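1. Next input, structure requested:
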Amino acid sequence: MKLISGARLKFRHSARESPQRPGGSTRRYQDDQRRKRERHGEGDIGLRKRTILGLDAGSYALKAVQIEATPRGAAVLQKSLYLPWPTGPDSRDGTPASLKESLRACAVTRGKVVSAPDGRGLLTRRISLPQMPARDLLEALKWKVKKELGEDPEELVLDYLPLGGPDPNGSRLGEWMVFALSKTSLQEHVRMLEEAGLKPVGVEPQATGLLHLFETCPSLAGEGSSLVLDLGARRTQLILALGAIPQFIREIPFSGRQLTQGLRDALGLDENTAEQKKRETGLRGTRAGERDLDGVSETLEPFVQELCTEIRYSLGYLQEHLPSLPPLRSLFLFGGGAHLPGLDETLSREFGLPCVPLPEFSGLGLPLSEDYRSFGQTAPASSLATALGLALREARG
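-> Down below sits the predicted model:
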């Protein structure tokens, strides 16, 4: 297991199967300890419950969930937060103070936090390398990052997720998904958390935090591959996932702010009215039997078609370069943009895939505590998905 530079945080992906305790992996060690407690009749008696905060520091809003977890991995949801940053989506000035004040106002327990930065400066790449001992892998990945991304690996924090072993056709190449974030960006994010009185125990990319939901609730993804779109205020991530493992990640130039600005400029609206029209009308006026009296849907339609074009381009690339992946079976929409009226129907029609709705908290195996409270704007589970995935993964060891 490697330590993230200067942050006292541990990698979350490459560490999953690395030896950390006597007898094998961390997960295996935890399972062994749990079985020993059960054999001696201890169960959860005398063992402390843990409070865990999953935090997604998006470009528009702070999204967080606070859960209470037992040593056996059961959890209840205590609090959920969806709070737009006071400084606005384009300015991060004062964010540490904003985070600290937001957590204080919501009476969030100061303690362990697993967090995802907003993604600025994060690089992802699927990389092929010959099979080699684990001790040589990180150096080989650094060399690949320098060669393929043109970045100095000494200025980056690297993490990697194994995607598979040797190719069944006889190739000795292994596949890894590599994540690279500048040390400066990571240190700034950790400083924000620490200044807010939190104890960071893990930092992950938003994409993998999101996919932890498929790990904790395997029935979500089902058979085959899934097309996952995380539609944010500043950017959209396209993820092709096989179960809970990302096989391909790409950023798409489509965002909630782009739609709002398009309505503002085309229809002569102020910012707040444009945002309201987007949320209330969306693409509904393009459906049969409904009228688009104010031109909102007509204005948004070209932006959505550009999104469809980008998705088709990505799927064509995958078909050419990763033909062995199982066929797509489902489509998932996450983030604030997932709730644009009519978007799910449009994408489902365009790509012939069922758009699978994310169940609410109890459907994810996370019941609400008796004193559960939500703060800020009303947000369904799909808007809090990354924070939920991070907290649940930490709770279940």
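
2. what about Ser80, which SS state?
-> At Ser80 the chain is in strand, as set by DSSP: H, G, I helix; E, B strand; the rest coil.

3. isn't it right next to Pro380, touching?
-> No - using Cβ atoms under 8 Å, Ser80 makes no contact with Pro380, being 9.9 Å away. Where C-beta positions appear, they are placed from N, C-alpha and C, glycine not excepted.

4. neighbour count winner among the two?
-> Just comparing Ser80 and Pro380: by other Cβ atoms under 10 Å the higher neighbour count belongs to Ser80, 27 against 16.

5. show me the contacts for the more buried one.
-> Ala64, Val65, Gln66, Tyr372, Ser374, Phe375, Ala379, Leu384 (Cβ atoms under 8 Å, 6 or more residues apart in numbering).

6. and the gap between the residue nearest to Gly282 when sequence neighbours are not counted and Gln377?
-> Excluding the flanking residues, the one nearest Gly282 by Cβ to Cβ, 6 or more residues apart in numbering is Pro341, at 3.1 Å. Look at Pro341 and Gln377: by Cβ to Cβ, to the nearest Å, they are 17 Å apart.

7. ditto for Arg191
-> With Cβ to Cβ as the criterion, Arg191 and Gln377 are 27 Å apart.

8. Show the residue spans covered by the helices in the stretch 101-250 of the chain.
-> All helices of the stretch 101-250 of the chain, identified by DSSP state H, counting those that start in this stretch, fall at 134-149, 183-195, 206-216.

9. number of nearby residues for Asn272?
-> 10.

10. That one is in what secondary structure piece?
-> Asn272 is located in helix 271-280, with elements delineated by DSSP states H and E.

11. what comes into contact with that helix?
-> Outside helix 271-280, the residues that reach it (Cβ under 8 Å, 6+ apart) are 256, 259-261, 263-264, 267, 269, 294, 296, 300, 339-341.

12. Mean confidence (pLDDT) on the top helix by length along the chain, please.
-> Counting residues, the longest helix in the chain under DSSP state H turns out to be helix 296-321. Mean per-residue pLDDT for helix 296-321: 94.

13. List the buried residues of that helix.
-> For helix 296-321, burial by neighbour count (16 or more other Cβ atoms under 10 Å) applies to 296-297, 299-301, 303-304, 307, 310-311, 314-315, 318.

14. Summarise which helices and strands the very next helix or strand once past that helix is packed against.
-> Later in the chain than helix 296-321, the nearest helix or strand by DSSP H and E is strand 328-334. Secondary-structure packing of strand 328-334 (3 or more Cβ pairs under 8 Å, 6 or more residues apart in numbering; DSSP states H and E): strand 225-231, helix 343-351.
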